[in-house]
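*Asks:* Turn this into a model:
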Amino acid sequence: MIKIENISFDHCIKCTVCTMYCPVSQATHLFPGPKASGPDAERIRKKSPELVDSSLKYCTNCKRCEIACPSDVNISELIQKAKWNYLKIHWFRPRDFFMSRTDIVGTMAVFFSRLTNFILSLKITKALMRIFLKIPFNVEFPAYEKTTFEKIFKKEIKSSQKEFEKKILYFHGCFVNYNNNKQGREFVKVMNSLGYGVEIKKEKCCGVPLIANGYIEKAKKNARYNIASFKDGDSKIVSTSSSCAFALKHEYSNFLELNNSSIADRVEFVTKFIYREFLTGNKPKMNSLGIRVAYHSPCHLERMGGVMYTLGILKEIPGIDLVVLNSECCGIAGTYGFKNENYNISQSIGKNLFNLIEKAEPEFVVTDCETCKLQIEMNTRYKVYHPVSLIAMALD
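*Replies:* Next up is the predicted model:
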C-alpha cells in the first residue's frame, strides 16, 4: 500500500518549469530532466521498483528544480532517494568511498600535508588517478593545511573567547578544518567584532559527500552524532558552508528522516546571522576596500533563500564595486565534477559562469560555497573568497 506521506509527487502539475531550470538536462541528453526522473517516474517506481532508470545518476542534487517548482514538490529529494533505494550498488567503490570520507582522508592528509600536497600536484599521480580511480586529469584537489582548525582553536583562540558575554556555536565543516584554516580565523574575527564569542563542539562531516555518493547509513550516523553534539543550549549554530548549513537544517529531517528539531531552528548560515546584526545597528567600523568583485550564488544557498542576506552584507562593505552574476549552477556539485563520467557535463554546466566572470573583469570572485570556489579557480584566472573574508579585510 502506498503511504499517504509518500505521494507528494502527485502535487506536480506537469508544467516542466523544473526541467527548464535544470542545469544537467540543458547540458546533456543523458538526463531526461527532474520532472521525468522525479514525479513522473516515481509513480512507476512505487508499483515496480525494478523499473528504475539508471539516468538518475546524472542528477547533481543542486536543488534548482525545487527552487523553480510552483507546487513545492521535493523533486531532488525524490530523485536522490530513488537513486540509492532502487539503484542498489553493493560493490566497494574506492573513489567514491574516499571522496565521501572527508574526516578520515582529511585527518591523514593534514598529518602528512607536505607529502600529500606534493604527490597530488604530480602529473603522474593525476594520470594514475584517471586510470585507476576514474578521476579527471584536469581537476585539482585543494591543498591540505599543516594542522586542523580544531587544534588551532583550542591552542590559540578558545581562551580569548571567554571575555564575550554573548556566544555562538561554530559548525566549521571539513573544508575549514582541513583545507582553509584562515577562513575559520576570519570567521572568529568577524564574530568578535560583532560582540560574539565563538565556541566549537566535536563535529563530524555534515554528510553531504556521503549522501552524494550513496553512503546513506553512514550519513545518518554522522547526522546523529552532530545532532547530539549541538542539541544542548539555545545558542545559534552558525556555519560558513552553505551546504553544511543546508544539511543540518533540512537534509537531516527531509532526506535522512531524522529528528533534528533540537538544532534546526538554531542553524543559520553566516551571512544571514551577520545581516540581522547589521539591521539592529550592530555593525563594526570597516575601511573602504576599493575593489571590484563578482558574486556567484551557490545552489544550496539559493534553495535556503539565503542569497539576499549575502548580497545585503556585501553592499554594506565600503568601497566594493559589486557585480552580481546571473550564473546559475557552477557545475561541480560537490564530488560530482571530480568523476570522469560527469566531468564533461560539469564543465558544460559551468561554462556560462566562467564566461560571465571573464566579462565582468573583477579583481576576484566571491561565493559562499567551498566547492564552487574550487570549480571557479580551476577554470578561470581569478581567486575566490568567502563573503566573511571581505568583512575581515575591511576590518583590518
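*Asks:* wait, doesn't residue 109 sit right on residue 142?
*Replies:* No. Counting by Cβ atoms under 8 Å, residue 142 is not a contact partner of residue 109; they are 9.9 Å apart. Glycine gets a C-beta too; all of them are placed from N, C-alpha and C.
*Asks:* Between those two, tell me which one has more neighbours.
*Replies:* Comparing residue 109 with residue 142 by neighbour count (other Cβ atoms under 10 Å), the higher total belongs to residue 109, at 22 against 17.
*Asks:* Could you name the helices and strands sitting against the helix or strand hosting the more buried one?
*Replies:* Here residue 109 sits within helix 102-111, counting by DSSP states H and E. Contact here means 3 or more Cβ pairs under 8 Å, 6 or more residues apart in numbering; DSSP states H and E; on that basis helix 102-111 packs against helix 173-174.
*Asks:* One more pass at 10 Å, please.
*Replies:* helix 94-100, helix 113-121, helix 173-174, helix 208-212 (3 or more Cβ pairs under 10 Å, 6 or more residues apart in numbering; DSSP states H and E).
*Asks:* which parts of the least confident helix or strand in the chain by mean pLDDT are buried?
*Replies:* When each helix and strand of the chain is scored by mean pLDDT, DSSP states H and E, helix 41-47 comes last, with a mean of 80. Buried residues in helix 41-47, defined by neighbour count with 16 or more other Cβ atoms under 10 Å: 41, 42, 45.
*Asks:* just curious, which of the residues you listed is nearest to residue 381?
*Replies:* residue 41 (41.5 Å; Cβ to Cβ).
*Asks:* domains in this structure, as residue ranges please.
*Replies:* Per automatic domain parsing, the structural domains of the chain span 4-86, 284-395.
*Asks:* Could you point out which of those sits nearest residue 93?
*Replies:* domain 284-395 (10.4 Å).
*Asks:* end-to-end on the closest one?
*Replies:* Taking Cα to Cα, to the nearest Å, domain 284-395 runs 8 Å from one end to the other.
*Asks:* what separates it from the chain centre, distance-wise?
*Replies:* With Cα atoms, centre = their mean, to the nearest Å as the basis, domain 284-395 stands 13 Å off its chain's centre.
*Asks:* what do you get for stretch 274-284?
*Replies:* With Cα atoms, centre = their mean, you get 25 Å for stretch 274-284.
*Asks:* which residues are in contact with it?
*Replies:* 189-196, 236, 238, 268-269, 306, 308-313, 315-316, 387-388, 391, 394-395 (Cβ atoms under 10 Å, 6 or more residues apart in numbering).
*Asks:* where do the strands sit along the stretch 251-396 of the chain?
*Replies:* Under the criterion DSSP state E, counting those that start in this stretch, the stretch 251-396 of the chain contains strands at 267-269, 291-296, 320-324, 364-367, 384-385.
*Asks:* And for stretch 308-315, what's in contact with it?
*Replies:* 190, 242, 268-279, 283, 293, 295, 297-298, 301-302, 320, 322, 324, 366-368, 386-388, 390-391.
*Asks:* pLDDT on it, on average?
*Replies:* Averaged across stretch 308-315, the pLDDT comes to 97.
*Asks:* And for stretch 162-176?
*Replies:* According to the model, stretch 162-176 has a mean pLDDT of 96.
*Asks:* Start and end of it, how far apart?
*Replies:* 22 Å.
*Asks:* a markdown table for the strands of the stretch 251-396 of the chain, including distance to residue 59 and mean neighbour count?
*Replies:* As requested, those are arranged in a markdown table below (distance: least, Cβ to Cβ, whole Å; neighbours: other Cβ atoms under 10 Å):
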| stretch | distance to residue 59 | mean neighbour count |
| --- | --- | --- |
| strand 267-269 | 24 | 24 |
| strand 291-296 | 21 | 21 |
| strand 320-324 | 27 | 16 |
| strand 364-367 | 22 | 23 |
| strand 384-385 | 25 | 20 |
